[in-house]
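# Got a predicted structure plus its sequence, pasted below:
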Amino acid sequence: MTNPHKGRSREGWMSPRIAGPIQREDTAGHNRPDRDAPSLAIRMDEAATLLHAIVPARMILIILGGFVAVLILPRQPCVEWVAGGLAVETWSWFATRAQASGKPIGRWARANFIANYVALNLCWLLLGALLWHAGTPEGMASGVVLFLAIGSIFSLLFYAAPVMFLVAGAVPAIGTMTVIALTDGHSWHQLLPIWLMLGLATIFNLGRAMGTPSAQQQQHWLSESLNSYEVLAENITDVITRVDLGGTCEYASPAALTALGYRPDELVGTNLIGLLDPESTTAIADVFAKLSADMTRPGVLTTRARHRDGHWLWLQTSLKMICADGTAIGLIGVSRDISEQMAADIALRQARDDVAAARDVAIEASRAKTNFLANMSHELRTPLNAVLGFAELLSIDSFADRRTEYAEFIHGSGMHLLGLVDDLLDLSRIEAGKLELRNESIFMEALIDECLTTVDPKARAGRLNLMTGIEPRLPRVLADRRALKQILLNLLTNAIKFTAEGGVVETFARLDPSGEFCFGVRDTGVGIAEKDQQRVFERFGQSRHDVASAEMGTGLGLPIVRGLAEAHGGSVTLESRLAHGTCVTVRLPSQSMPRAIRVVA
C-alpha cells in the first residue's frame, strides 16, 4: 500500500515544538532531548537558542542605544558604536544558528558562541564606560544602569528563575537612584530609609519568587515528562493513534511498524479507515454513535485490518473521544493484535460445531439402527408368519385337498424371505466394499429381454404395457451379469409396483455421446416428490407415496442399484415428478470395470 503522504513532514500531537532543551542526534539519527542533568554546555546551548531568536530585536536596541547616547555623548563615537554593535549582532546570528536549528553542536560552535557573547557584552560595557566618563549625573547613572543590566541579563540567560527577574529589575533602579542621590550631595544616612523600604518590598516578593521554579527547570521537567511518554510509546506493544473526526491519522506510536508494517510517519496524514475491513463500516458507525452520545465513556471496536504485506489481522481497539470546550475534536485509540485469540475462538467454535455434527450423526445412526431393526422385524415376520401358518394348515387332515396350494404359498413366502436376505447381504457387502464382481462380456438386449420375461406375469396382472427403447447395434458391456440383472429387475419391479393400471413401463439402453453406456427404466407411475428423491437411495428409505401404497416395498431396491452401479465405476440419476412418472438412468463408463472392488476373473 503506497502512502500518498509519504515524505510529508508533520508534527505529531504528542511532539510539540519547544524552545529547548537542545535536540541531540541519537545513533538512529533521530533528534532527542538530552535526558541527562543539565550541564554547563547544555545551558550554553539553551542560551544560544534564546539569543538567536531575539537578534533582530537586539539590533533595534543597538540603534535605540545610539540615539540615547547622542543625548549625552558626541555624535561621532555614537555612530561608530552603533556600527560596531550591528556588526557584532550579525556575527551573533551566525554564531547561534546551529544551536537554534537543533543540529549537533561541536566545540568550535560553542567557542564561537562564547567569543561572540563576550563581544556583545564588551560592546555594551564600552557604551557604559563612555557614558560614565562623560562626568554628568545622567551619564554616570546611564552607565551604572548598563553595567548592572548586563550582569543581570548574563545571569538570566543561565538561570531564569523568578527571583532573578526580581533582582534584575530592582538592582538597576537602586543603582541609578544611588548615583543620582550621591551626585546631588545626599548622604548615605539620607538614602538608608529608601534602601530599607526597597529591601522590605523585595522580601515581600522574594518568598513567592523563590517558590516558583525557573524557566529552565520547568523546561527540563517538561522534557523529562515528554521523555517518559516517549519511552512508554516506543516500548508498549499496543498501537496508540490519534485521529480527527474524519479518521485522518494525526499521531501513531512506533508499535504500528510491528503490528501493521507501517512506520508512524507513513500513517500520519492518511485515513486509517482505509486499512479496515470494508464489512466493518456498520460496526464503526455504531461505535462512533455511542461515543458521540456519551463522550465520557470509552468504546471498543473489534475488526479486521490489512497489514502492509496484504494479510488480514484482527485488531481490538479501545476508543475515547477527545474534547475541547465540550466539543469533540478527535479520537484516541489503543489497538491490540488479537489474531491468535480470534483464531483460537474460531477453532473452538469449529470444534463445538464438529462435536454437534458428530452428535447429530450419532443420533441419526441410532435412529437408522432403530428404523432398520423395526423394518427388518416387519419384513422377516411377514413371510415367516405365512410359512408357519400354511405349514400348520398342512398338518390338519381336513385341508388335505388344498395341500398343493398351501405348499405353493409356503414356497412363495420362502422365496420372498430368501430374496430379502439376499438383498440385505448384497447391500452389506456393497457398503463394506467386499462385493465380488465377475467380469464378462454382456449383450444388453438379451439381458433386458430376460428380465422382461421374468416380470411379465406381474405386469400382465397389473394390466401394464411393457415397452423397450433399445438403440440398435449397441456394443457389448464388460460387467458382472448378475449385478446388471439385479439392477434391471429392481428397477422394473419398482416401476411395475407403483404404476397404475393401463400405465407404461419402458426399458431403454443407449450409448451416450460422451462414451458412457446408459440403461434404465422409465414409467408413468405416481412419481416421487422432489424432497423425497434423495431419501429413496438410503437404506429402507421410502417416499410418502411408497408408504401409502398397498404394495409397500422394503426400501432396499434403489440403494442396491446405486451401490452396484458405483461398484462398476458408474452412477445413477433419478428424474421424477408427482403424477408424471419416474425415470432412473444407470451410467457405466466406456471401459466398464469395477473400481476398488476385488474382481474375480
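The structure has been received and is ready for your questions.

# how near is A111 to A95?
10 Å (CB to CB, to the nearest Å). Quick note: C-beta positions are derived from backbone N, CA and C, even for glycine.

# What of P74?
To A95, P74 is 31 Å away according to CB to CB.

# for A324, same thing?
41 Å.

# out of those two, which sits in the busier spot?
A count of neighbours by other CB atoms under 10 Å puts A95 above the other of A324 and A95, at 25 against 8.

# if I look at that one, how far off is R58?
Look at A95 and R58: by CB to CB, they are 13 Å apart.

# Do I have it right that E501 meets N465?
No. In this structure, E501 is not within contact of N465 by CB atoms under 8 Å, at 10.4 Å.

# wait, F113 sits on R97?
No. Here F113 does not reach R97: they are 10.1 Å apart, not a contact under CB under 8 Å.

# which of the two has more neighbours?
Neighbours per residue (other CB under 10 Å) separate F113 from R97, with F113 holding more: 22 against 14.

# Phi, psi for G84 please.
Dihedral pair for G84: phi -70, psi -40, per degrees, to the nearest 10.

# Repeat that for G515.
Main-chain dihedrals, G515, degrees, to the nearest 10: phi 100, psi -10.

# contacting residues for it?
P589, S590 (CB atoms under 8 Å, 6 or more residues apart in numbering).

# what about it, distance to V79?
In terms of CB to CB, G515 sits 116 Å off from V79.

# swap in A356?
From A356 over to V79 (counting by CB to CB), the distance is 101 Å.

# Just want to know which of the two has more residues nearby.
V79 (13 against 10).

# Tell me how far V144 lies from G151.
For V144, the distance to G151 - CB to CB - is 11 Å.

# Tell me which of these two has more neighbours.
Using other CB under 10 Å as the criterion, V144 and G151 rank with V144 on top: 22 against 16.

# Just to check, that one is in contact with P137?
No. Counting by CB under 8 Å, V144 sits too far from P137 to count as a contact (10.7 Å).

# if we can go back for a sec, which one of E501 and N465 has more residues nearby?
Regarding E501 and N465, a neighbour count based on other CB under 10 Å identifies N465 as having more, with 12 against 8.

# so how far is T507 from the more buried one?
12 Å.

# Ok, H580 next?
From H580 to T507 the distance is 19 Å (CB to CB).

# Break this structure down into its domains, please.
Listed domain ranges for the chain are 23-161+213-220, 237-337, 343-419, 433-588 (source: automatic domain parsing).

# could you dump those to a markdown table with mean pLDDT and distance to D426?
As requested, those are exported to a markdown table (pLDDT from 0 to 100; distance: least, CB to CB, whole Å):
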| stretch | mean pLDDT | distance to D426 |
| --- | --- | --- |
| domain 23-161+213-220 | 76 | 79 |
| domain 237-337 | 88 | 52 |
| domain 343-419 | 71 | 10 |
| domain 433-588 | 87 | 6 |
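
# Just the buried residues of stretch 71-90, please?
I72, L73, C78, W81, V82, G84, G85, L86, V88, E89 (16 or more other CB atoms under 10 Å).

# try stretch 477-491
Buried, per 16+ other CB under 10 Å, within stretch 477-491: 477-481, 483-491.

# Could you export those as TSV, including distance to C451 and secondary structure?
As requested, the buried residues of stretch 477-491 are exported to TSV (distance: CB to CB, whole Å; DSSP: H, G, I helix; E, B strand; the rest coil):
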residue	distance to C451	secondary structure
V477	14	strand
L478	19	strand
A479	14	strand
D480	15	strand
R481	11	helix
A483	13	helix
L484	9	helix
K485	6	helix
Q486	9	helix
I487	9	helix
L488	4	helix
L489	5	helix
N490	10	helix
L491	9	helix
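
# okay if I get those as a markdown table plus distance to Q316?
As requested, the buried residues of stretch 477-491 are exported to a markdown table (distance: CB to CB, whole Å):
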| residue | distance to Q316 |
| --- | --- |
| V477 | 65 |
| L478 | 64 |
| A479 | 62 |
| D480 | 63 |
| R481 | 68 |
| A483 | 61 |
| L484 | 64 |
| K485 | 67 |
| Q486 | 63 |
| I487 | 60 |
| L488 | 65 |
| L489 | 66 |
| N490 | 61 |
| L491 | 61 |
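
# what ranges do the helices span in the stretch 251-400 of the chain?
In the stretch 251-400 of the chain, the helices defined using DSSP state H, counting those that start in this stretch lie at 255-260, 264-267, 281-293, 339-394.

# Now do the second one: which elements does it pack against?
With contacts defined as 3 or more CB pairs under 8 Å, 6 or more residues apart in numbering; DSSP states H and E, the secondary structure elements packing on helix 264-267 are strand 249-252, helix 255-260.

# Of those, flag the one that's most buried.
For the helices and strands packed on helix 264-267, the largest average neighbour count (mean count of other CB atoms under 10 Å) is found in strand 249-252, namely a mean of 22.

# Spell out which strands sit alongside it in the sheet and which way each one runs.
strand 239-243 (antiparallel) (DSSP bridges).

# Need the contact partners of the strand it pairs with.
12-14, 233, 249-253, 255-256, 259-260, 267, 272, 315, 322, 330-336.

# and V505, which of the three is it?
strand (DSSP: H, G, I helix; E, B strand; the rest coil).

# mind listing what's buried in the lengthiest strand in the chain?
For the chain, the longest strand by residue count, based on DSSP state E, is strand 312-324. Of all the residues in strand 312-324, those buried under the rule 16+ other CB under 10 Å are L313, W314, L315, Q316, T317, L319, K320, M321, I322.

# Now for the first one: which residues touch it?
Just to be clear, that refers to L313. When contacts are counted by CB under 8 Å, 6+ apart, L313 touches A259, R304, A305, H307, D337, S339.

# Tell me the one of those nearest G525?
For those, the minimum distance to G525 (CB to CB) is 55.5 Å, reached by R304.

# List the beta-bridge partners for the closest one.
W314.

# I figured it was touching W312, is that so?
Yes. Using CB under 8 Å, R304 makes contact with W312 at a distance of 4.7 Å.

# The closest residue to D480 other than its chain neighbours bridge partners, please.
Closest residue in space to D480, ignoring its immediate chain neighbours: L437 at 3.9 Å, by CB to CB, 6 or more residues apart in numbering. According to DSSP bridges, the residues that bridge with L437 are V599.

# do S576 as well
T582.

# and it, how many neighbours does it have?
21.

# list the contacts for it?
Listed by CB under 8 Å, 6+ apart, the contact set of S576 reads G527, I528, Q533, T582, C583.

# For those residues, give me CSV that also has distance to L122.
CSV is the format used below for the contacts of S576 (distance: CB to CB, whole Å):
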residue, distance to L122
G527, 119
I528, 116
Q533, 111
T582, 119
C583, 118
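
# Go through these and say which is closest to I363.
Closest to I363, out of all of the contacts of S576 and judged by CB to CB, is Q533, at 23.5 Å.

# Might one say that the closest one is in contact with L574?
Yes. Counting by CB under 8 Å, Q533 does reach L574; the two are 5.6 Å apart.

# secondary structure element for I430?
helix 403-432 (DSSP states H and E).

# what helices or strands is the helix or strand just after that helix leaning on?
Proceeding N to C from helix 403-432, the next assigned helix or strand is strand 439-442, under DSSP H and E. Using 3+ CB pairs under 8 Å, 6+ apart as the contact test, the elements touching strand 439-442 are strand 477-480, helix 481-497.

# so what strands line up beside the first one?
Right, strand 477-480. By DSSP bridges, strand 477-480 pairs with strand 439-442 (antiparallel).
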